[in-house]
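Q: Next input, structure requested:
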Amino acid sequence: MPAASETRMPSPALFFQTARAYQGTAAIKAAINLDVFRAIGEGATTAGEIGRRCGAAERGTRILCDFLVILGFLTKDSGNYALTADSAAFLDPRSPMCIAAAATFLCDSRLTGMIDSLTDAVRKGGTAMPDGGTTTPENVLWVEFAESMAPMMATIAGALASALGENAARARKVLDIAAGHGMFGIALAQRNPQMRVVGLDWAPVLEVAKRNAQKFGVADRYATIPGSAFDVDLGSGYDLVLLPNFLHHFRADVNVALLKKVHAALAPNGYVAIVEYVPNEDRVTPSEAASFALTMLSSTPEGDAFTFRELEEMCRNGGFSAARIQPLAPSPESLIVADR
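A: You can find the predicted model right below:
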């Protein structure tokens, strides 16, 4: 008897869903811009009530909310809309876990424009943007990243701090490379009152990190180094160097050169903590980590989503030993730790 997969009739459904996937991006962006999730969270349930709260037409609100139901962001019962548990936690601005601000960066037309040029990027083997995409020095996109992604990254930073545990508790001097919003170093400093953190990034980006350090009460223990990690003097004697979401922008040998520089900046018993999207060796699972490679293809000249084997080899070639990996749930990312 043939297997079920062999008897199923071919269907164009996946093609149509994928070809129209941009509508989902537009819908979530519109809902956040209009403050739909707050309106429903505060008690507006019908299209008319939500529309009045959001300054939108009832017809437009109904169609948008119905589409959000189809996507799984809302529920609908007898014409009344409600937030799902996920939407209430992560998209209602009243929630302390709200990450809706991330849409400002993730849906930015400069990023989506890079994906629009994917055909050319595939032909070229790297971003089709003439200026090097997101790796351009002093790229203003990273200021927007730092400002809009901090709430989302705070959860991952907390997971990192928990995963490092006692090792981080003993660290006194920490370098956060490509600090961006600063949340990774800040999360560690909040748990260790003896820790001093140095954030490294472009000067305009570090202004965001410094504001966050002030906001979270660690400004007196937060210093900065403006510039490129490849060019500036990192300093020395660090117990821990953080490399969150940075290595994927560059090819392996470039990363090895940076890791050698990091190795030299560490104290004798220091270590490096790397945060990355790490696909399995098949490069197609898990889906969210594996699909990040496409983001790197469209937005960087030579970046990629590296497997643990590749990252382990980079660490070894950079002078490190005993690299190990663990998931950073609920994030799709992983933590790689390697000793000096």
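Q: Mind giving me the packing neighbours of the helix ranked longest in the chain?
A: Determined from DSSP state H, the single longest helix within the chain is helix 141-170. Judged by 3 or more C-beta pairs under 8 Å, 6 or more residues apart in numbering; DSSP states H and E, helix 141-170 is in contact with helix 102-106, helix 183-191, helix 203-215, strand 238-244, strand 266-276, strand 334-339. Yep, even glycine has a C-beta here, placed from its N, CA and C like the rest.
Q: Ok, which of these comes nearest Gly303?
A: Nearest to Gly303, of all the helices and strands packed on helix 141-170, is strand 266-276, at 11.0 Å by C-beta to C-beta.
Q: Any buried residues in the closest one, and which?
A: Applying a neighbour-count criterion of 16 or more other C-beta atoms under 10 Å, one finds Leu266, Gly270, Tyr271, Val272, Ala273, Ile274, Val275, Glu276 buried in strand 266-276.
Q: next one: stretch 127-141
A: The neighbour-count check on stretch 127-141 (16+ other C-beta under 10 Å) flags Thr127, Ala128, Met129, Gly133, Thr134, Thr135, Asn139, Leu141 as buried.
Q: closest one to Glu312 among the helices and strands packed on helix 141-170?
A: Here strand 334-339 is closest among the helices and strands packed on helix 141-170 (C-beta to C-beta), at 7.6 Å.
Q: Partner strands of that closest one and their direction?
A: Using DSSP bridges, strand 334-339 pairs in its sheet with strand 266-276 (antiparallel), strand 321-327 (antiparallel).
Q: Just send the ones you listed back as CSV, with mean pLDDT and distance to Gly217 too.
A: Below are those laid out as CSV (pLDDT from 0 to 100; distance: least, C-beta to C-beta, whole Å):
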stretch, mean pLDDT, distance to Gly217
strand 266-276, 97, 22
strand 321-327, 93, 28
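Q: Any chance of a markdown table for those strands, columns distance to Ile63?
A: Shown next, in a markdown table, are those (distance: least, C-beta to C-beta, whole Å):
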| stretch | distance to Ile63 |
| --- | --- |
| strand 266-276 | 39 |
| strand 321-327 | 39 |
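Q: what's near enough to touch Asp120?
A: Asp120 sits next to Ala128 when contact means C-beta atoms under 8 Å, 6 or more residues apart in numbering.
Q: On the three-state scheme, it is what?
A: Put simply, Asp120 is helix when judged by DSSP: H, G, I helix; E, B strand; the rest coil.
Q: do the one 10 residues further on as well
A: Assigned state for Pro130: coil (three-state reduction, three-state DSSP).
Q: re earlier: turn the helices and strands packed on helix 141-170 into CSV, including distance to Ala89.
A: Putting the helices and strands packed on helix 141-170 into CSV (distance: least, C-beta to C-beta, whole Å) gives the following:
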stretch, distance to Ala89
helix 102-106, 14
helix 183-191, 18
helix 203-215, 21
strand 238-244, 23
strand 266-276, 22
strand 334-339, 23
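Q: Out of those, flag the one nearest Arg170.
A: Of all these, strand 238-244 sits nearest to Arg170, with 7.1 Å by C-beta to C-beta.
Q: Which other helices and strands does the closest one contact?
A: So strand 238-244, by 3+ C-beta pairs under 8 Å, 6+ apart, packs with helix 141-170, strand 173-177, helix 183-191, helix 252-265, strand 266-276.
Q: check contacts around Pro332.
A: Tyr277, Pro286, Glu288, Ala289.
Q: cutoff 6 Å now
A: Glu288, Ala289 (C-beta atoms under 6 Å, 6 or more residues apart in numbering).
Q: How about Leu160?
A: Per C-beta under 6 Å, 6+ apart, neighbours of Leu160: Phe184.
Q: is it true that Met153 touches Gly182?
A: No - contact criterion C-beta atoms under 6 Å: Met153 and Gly182 do not qualify, at 9.3 Å.
Q: between the buried residues of stretch 127-141, which is closest to Asp253?
A: Using C-beta to C-beta, the buried residues of stretch 127-141 come closest to Asp253 at Thr135, 15.2 Å.
Q: show me what contacts the closest one?
A: For Thr135, the contacting residues are His249, Thr300, by C-beta under 6 Å, 6+ apart.
Q: Check what pLDDT it gets.
A: Note on Thr135: pLDDT of 93.
Q: distance of it from Leu83?
A: 38 Å (C-beta to C-beta, to the nearest Å).
Q: Check Met149 too.
A: Computed as C-beta to C-beta, the Met149 to Leu83 distance reads 22 Å.
Q: Between those two, which is the more surrounded one?
A: Between Met149 and Leu83, counting by other C-beta atoms under 10 Å, Met149 is the more crowded of the two (23 against 20).
Q: Was I right to think that one contacts Ala101?
A: No - with contact defined as C-beta under 6 Å, Met149 does not count as touching Ala101 (7.6 Å).
Q: Distance-wise, check the residue nearest to the spatial centre of the chain relative to Thr7.
A: Closest residue to the average C-alpha location of the chain: Met153 at 6.5 Å, with C-alpha atoms, centre = their mean. Distance of Met153 to Thr7, given as C-beta to C-beta: 46 Å.
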